[in-house]
Structure formats: C-alpha cells, structure tokens
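> Sequence and predicted structure below; questions after.
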Amino acid sequence: MNVMRNSGKSAENAWRRTERIYTLAFLFYLLLAVTGVVLVLVSEAKGLGWGLINTSAFYYLTYCAMIVHEIGHAAMARLFGARILGLKSGCGRVSLRFRLVGSDFDLRLVPYSAHIVIKPELAAMKKLPAVLILVSGSLANILVFLVYIFLGGRFSLMELYEQLQPLPLFAAGNALLPIISFWPHRIVTSGSVIESDGLACKRLLFPDSSRGPSA
C-alpha cells in the first residue's frame, strides 16, 4: 500500500526477474486448469481433474480478492478526503485500462500485487487516518468472508474433487489475503517498491524503529 520509488539498473533487473517468475506461475496454473479440463472430459480420473481445476481457480480468485482489498483501501481513503488517482494490479502487458470517477485503472493479466495511488500520500497524513486506510483493505476481505459464512457458505475438501467451487475458493482467498497483507515485507514493482500494509503500519506506529514511511 505504501509506495516508495525505486530506480536504477539493479532495481529494473529485480523487477524483470520478478515478472518472469510470476508469468511462469501464471502459465503453470493455466496448464493445471487445462490438464484438469482434459481429465474431466476424457478420462476416468475426474476427481484429480476437478482438483487441478480448483487449485488453479483458487490462484486466480485470490487475485480477484486483491481487487476487493484495494477497493477497501480506496473507500477508506475517500472517507478521509484523499483523491484516488488510480489502481494498478498484476504484471506483464496491460489487459484492461480505463478511467472511472476520475481515477485510472490499470489491470494486467498476470496475477501479482495490486495497489492504489492516492493523494495526499500516507506520509503526508495524520497517523490515525493513515493506519485506518492501511487496515481497511484487510477489513474488506474479512467482510466478504464473513458475508459468505453468514449466507450459509461452507467449505468441503471432498467437493473440490467433484465440481468447480468458485464461491468457497473466493471466500478462502479473501480469508488468506489479510494474513499475507500484514506479514511485514516489501514487493518489487516496475520503478517502485511497495510496502505491505503490516510493514507500513509498523513504520507509522513505531517510528523509532525505522525512518518512518516514505513516499
């Protein structure tokens, strides 16, 4: 969520390596899905086929849950009067680019990190609004998960080997993202490094342990 500029040849090389890794992951899960479809249609190993399809679906649906996460950030930022300049997600070539309510949306096909661009940046905000904006993404994911449970949704490992399970997998992706988000780490992107929500919160709440958030 907190974006720091990152330039230079080493940074560009690091981004290219990261992009290659995630592109290979994208192709791997796509291959799993295709293999699963073939097994379901033309073999007796239908259970294995559905398992492969659902494994691939979980990967892509977790990417969709990232968009929910960023919408949570954006909604809270707007409540505090910040401008949403855009949303960027994924890596590789741009698959969809459009402008909506004054914001630029840049969606790429290969699942990777997603982040919104806001003004003023977190470093220029007071501590409480900045922290609330950081946690709001995970709260949006938790809300989606709780709505699924409240509406009677359930999880069954056996059913993953019987048919496609998009709703349980999407709910599971939303449950997983807050854990990943609050694990303190940095994510390399093209021209910048994104701090996870957990790391950015740590820098805001405990400034003595670091230099504080950078924009």
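Arrived safely, thanks for sending.
> what helix or strand is Val188 on?
In this structure, Val188 sits in strand 186-189 according to DSSP states H and E.
> ditto for Ala171
Per DSSP H and E: helix 166-181 holds Ala171.
> ok, now which residue in the protein is the farthest from the centroid?
Distance from the centre of the chain peaks at Glu44, with 35.8 Å (Cα atoms, centre = their mean).
> and that one, which of the three is it?
Under DSSP: H, G, I helix; E, B strand; the rest coil, Glu44 falls in the coil class.
> let's number from 65 now, not from 1
Right, with 65 as the first residue, what we last looked at is Glu108.
> residue contacts, Ile131?
For Ile131, the contacting residues are 151, 153, 178, by Cβ atoms under 8 Å, 6 or more residues apart in numbering. Where you see a C-beta, it was placed from the backbone N, CA and C, and this is true even at glycine.
> and the helix holding Ala235, how far from the chain's centre?
10 Å (Cα atoms, centre = their mean, to the nearest Å).
> circling back: give me the mean pLDDT for the strand holding Val252.
Averaged over strand 250-253, pLDDT sits at 76.
> Direction included, what does it pair against?
strand 256-259 (antiparallel) (DSSP bridges).
> which helices and strands does the next helix-or-strand element following the partner strand pack with?
Downstream of strand 256-259, the next assigned helix or strand under DSSP H and E is helix 261-269. Packing partners of helix 261-269 (3 or more Cβ pairs under 8 Å, 6 or more residues apart in numbering; DSSP states H and E): strand 66-69, helix 191-214.
> mind checking pLDDT for Leu112?
96.
> so it touches Val102, yeah?
No. Contact criterion Cβ atoms under 8 Å: Leu112 and Val102 do not qualify, at 10.8 Å.
> ok, and the helix or strand in this protein with the lowest average confidence?
strand 66-69 (a mean of 51; mean pLDDT, DSSP states H and E).
> if I look at the residue nearest the centre of the chain, how far off is His137?
Centroid check for the chain by Cα atoms, centre = their mean gives Met130 as the closest residue, at 3.0 Å. Note on Met130: its distance to His137, by Cβ to Cβ, to the nearest Å, is 11 Å.
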